[in-house]
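K.L.:
next come a sequence and a model predicted from it.
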Amino acid sequence: MYKPIIEFCASNMHHGTDKVLEKLEQLPDVDVIEYGCLGHCGECFMFPYALVNGEFVSSETADELYDRIMEEIEKQRADQEALDKLLDDL
């Protein structure tokens, strides 16, 4: 079963990503983790971002970030389902 891991940088919370983190924590099918630093300091200073299973997702606003995270989750879920189907057919 696909269960994405969403990672946030504590230093990025000034962009409003704390509200995105809290909203995502309410979802039963995702794991949300907050770190002190994710090593994307230049991007962290400029705009809201998160990592979805290690994939960098960013936007201009925190509200837009939530939408982009959800889009990335669906994309990754579809990719995983396609891979699973392919492997089942082998």
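P.N.:
In hand now; what should we look at?
K.L.:
got a list of what the residue nearest to the spatial centre of the chain touches?
P.N.:
Central residue check for the chain by Cα atoms, centre = their mean: the C-alpha nearest the mean position is that of V52, 3.2 Å away. The contact partners of V52, by Cβ atoms under 8 Å, 6 or more residues apart in numbering, come to P4, I5, I6, I69, E72, I73, Q76. C-beta coordinates here come from the backbone N, C-alpha and C atoms, glycine included.
K.L.:
how far away is it from D89?
P.N.:
Between V52 and D89 the distance is 27 Å, computed by Cβ to Cβ, to the nearest Å.
K.L.:
please apply the same query to T61.
P.N.:
Relative to D89, T61 is positioned 42 Å away (Cβ to Cβ).
K.L.:
before we move on, what about P48?
P.N.:
With the distance defined as Cβ to Cβ, P48 ends up 40 Å from D89.
K.L.:
cool, M1 as well?
P.N.:
Summarising the geometry, the distance separating M1 from D89, computed by Cβ to Cβ, is 19 Å.
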